[in-house]
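Asks: Sequence first, then the predicted structure:
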Amino acid sequence: MYVTHEDYTELGYNVVPKETFIRYEAKAEAVVRKYTFDRITDESLHPEGTADAEERRIAEMNRRGICELAELFYLQGKSVTGESGAAIKSFSNEGYSETLDTSGHDEVTVQRKTVNIVRTYFTAEQLYRGVS
């Protein structure tokens, strides 16, 4: 587990409830592993106190990225249906009707946000596909 719920709350996040956090953190971890080609390890996310300031800064940014992804996936899960509180907009005009999810958590939007989060919180070296 890259980030515990305690880490999550210490970093100032509070959207994902403790009882479901592990599920969304696991999905966030899988996404990070995919985009970073398994370069991120538990050790790199939790450097020892003797690590230099840059290493600690990068580790914190990486942990924040995982928290952001967990929140995104949690909010997407809550927005799957209109009855769960998603912003649904409907209209009907002479026999034609359409319903749109305007919550910003549809699959395409979530994918774009995922890529944006990964690019924001992980370094170019971590995302580089070449041999390290």
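Replies: Now that the structure is in, tell me what you want to look at.
Asks: Now do the helix or strand hosting residue 118, average pLDDT.
Replies: Assigned by DSSP states H and E, residue 118 falls within helix 107-121. Computed over helix 107-121, the mean pLDDT rounds to 92.
Asks: Can you spell out which helices and strands pack onto it?
Replies: Counting contacts by 3 or more Cβ pairs under 8 Å, 6 or more residues apart in numbering; DSSP states H and E, helix 107-121 is packed against helix 18-36, helix 53-78. (Each C-beta comes from the backbone N, C-alpha and C, glycine too.)
Asks: just checking, what packs against the next helix or strand along the chain from that helix?
Replies: Going down the chain from helix 107-121, the next helix or strand is helix 124-127, by DSSP H and E. Judged by 3+ Cβ pairs under 8 Å, 6+ apart, helix 124-127 is in contact with helix 18-36.
Asks: which of the residues in the helix it packs on are buried?
Replies: 21, 24, 25, 27, 28, 29, 31, 32, 35, 36 (16 or more other Cβ atoms under 10 Å).
Asks: now stretch 110-125
Replies: Buried, per 16+ other Cβ under 10 Å, within stretch 110-125: 110, 113, 114, 117, 118, 121, 122.
Asks: got those residues as CSV, with distance to residue 129 columns?
Replies: Listed next are the buried residues of stretch 110-125 as CSV, based on distance: Cβ to Cβ, whole Å:
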residue, distance to residue 129
110, 23
113, 22
114, 17
117, 19
118, 13
121, 18
122, 13
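Asks: Mind picking the one among these that's closest to residue 44?
Replies: Nearest to residue 44 among the buried residues of stretch 110-125, counting by Cβ to Cβ, is residue 122 at 11.0 Å.
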